[in-house]
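1. Compute the structure for the input listed below.
(one chain, ligands or ions: 2)
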Amino acid sequence: MTVVLETQNLTKRFEAIVAVDDVSLQLHKGELLALIGPNGAGKSTCFNMLMGQLKPTSGSVLLEGQNITGLKPREVWRQGVGRTFQITATYTSMTVIENVQMALLSHHRQVFSILPYATRKYRTEALNLLEMVNMADQADRHCATLAYGDLKRMELAIALAHDPKVLLMDEPTAGMAPKERVALMQLTADIVRDRGVSVLFTEHDMDVVFAHSHRIIVLNRGELITEGTAEEIRNNPTVQEVYLGGGTVFGSEEGAEHA
Ligand code: ADP
Ligand code: MG
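-> Ligands and ions are numbered 1, 2, ... in the order given. Predicted structure coming up:
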């Protein structure tokens, strides 16, 4: 197994709180890896360090063996670590395909090009990406009119426009109906398989986690407490205790707070 992204003894303190405590994890090539844990476990803090948003107190982040610890978000992104957002960030005044074309322009470092140019350039490439997320039929719709689930799929196409090695998805299905969540993760799983991209994601819905991840890592109070397959995690007494202790039970996470 090739390791694509790795943390070594990653730690983040906020004064008295140790939000992430000595976490060493590995994301393999072509893997869909879930990071789970109760609210406040340190998942988002971990993501923020991986994407350069937060500087670790100690420890390191390696991308394909290269130390990328402390790089700025834009530099990390340029090295091939893409992301989707907990809150969708798009240009609502533009159409679906224009958003993807803008991402392609940015990827090819033509950010200063003007929009009419952008709308011609990369149309085929953008359509291919929209095809991949089953959004080609909505290419010319204005984003402001899209349903939430469709916006999230467009966001995925935008992330893929940068041809990332790694995709970080912090609660990609937050705010979605259960059916939409399953669909988005199925789509993500297909993309992982077809493009060989590696995905690290967090998710509240345990059905989604168990159905789609190749492997699961469990955080609690900042610490990595265990990792394994869906089967191993589902039957792990410590994990059950953590979730039951936190007031959440597998399979009934509706309305869980999306911190
Ligand atoms: P999760 O995403 O697993 O719900 P977070 O990473 O958001 O958890 O939070 C982990 C812990 O760190 C929590 O106790 C949270 O209150 C704390 N925390 C997160 N961000 C900050 C911050 N900027 N300042 C102080 N404490 C923070
Ligand atoms: Mg979070």
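2. what kind of secondary structure is residue 49 in?
-> Three-state call for residue 49 (DSSP: H, G, I helix; E, B strand; the rest coil): helix.
3. Let me see the domain layout of this structure.
-> 1-80+165-259, 89-163 (automatic domain parsing).
4. and after the helix or strand containing residue 189, which helix or strand comes next?
-> Assigned by DSSP states H and E, residue 189 falls within helix 178-195. Once helix 178-195 ends, the next helix or strand along the chain (criterion: DSSP H and E) is strand 198-202.
5. The helix or strand that that following strand is followed by and ligand 1 in contact?
-> Sequence-wise, the next helix or strand downstream of strand 198-202 (DSSP H and E) is helix 206-212. No: Helix 206-212 is not in contact with ligand 1 by CB under 6 Å from any ligand atom; minimum separation 13.8 Å. All C-beta atoms are positioned from the backbone trio N, CA, C, and that covers glycine.
6. try stretch 57-66
-> No: using CB under 6 Å from any ligand atom, we find that stretch 57-66 stays clear of ligand 1, coming within 12.0 Å at best.
7. buried sites along that stretch?
-> 59, 60, 61, 62, 63 (16 or more other CB atoms under 10 Å).
8. Where strands are concerned, which of these count?
-> Among the buried residues of stretch 57-66, the members found in strands (DSSP state E) are 59, 60, 61, 62, 63.
9. residues near residue 235, how many?
-> By other CB atoms under 10 Å, the residues close to residue 235 number 10.
10. Tell me how many other residues surround the one residue in the stretch 1-150 of the chain that gets nearest to ligand 2.
-> Ligand 2 sits closest to residue 44 of the stretch 1-150 of the chain, with a gap of 3.2 Å, by CB to the ion. Applying other CB under 10 Å, we find 20 residues neighbouring residue 44.
11. quick one: it is in a helix?
-> Yes: with three-state DSSP as the criterion, residue 44 is located in a helix.
12. what about the residue nearest to residue 103 when sequence neighbours are not counted, neighbour count?
-> Take residue 103 and drop its neighbours on the chain: the residue closest to it by CB to CB, 6 or more residues apart in numbering is residue 161, 3.6 Å away. Residues lying near residue 161 (other CB under 10 Å) number 23.
13. And residue 161, how close does it get to residue 98?
-> Per CB to CB, to the nearest Å, residue 161 is found 12 Å from residue 98.
14. ends of stretch 47-57, how far apart?
-> With CA to CA, to the nearest Å as the measure, stretch 47-57 spans 14 Å from end to end.
15. so the residue most central in space within the chain bridges to which residues?
-> In the chain, the C-alpha nearest the mean C-alpha coordinate belongs to residue 169, at 1.0 Å (CA atoms, centre = their mean). Using DSSP bridges, the bridge partners assigned to residue 169 are residue 84, residue 201.
16. surely it meets residue 208?
-> No: using CB atoms under 8 Å, residue 169 is not in contact with residue 208, being 11.6 Å away.
17. per-residue pLDDT, residue 251?
-> Looking at residue 251, its pLDDT stands at 50.
18. please begin residue numbering at 22 from this point
-> Sure, I'll start numbering at 22, so the last one becomes residue 272.
19. Least confident of the domains of the chain, on average?
-> domain 110-184 (a mean of 85).
20. Quick one: distance of that one to the chain centre.
-> Here the centre of domain 110-184 is set off from its chain's centre by 18 Å, with CA atoms, centre = their mean, to the nearest Å.
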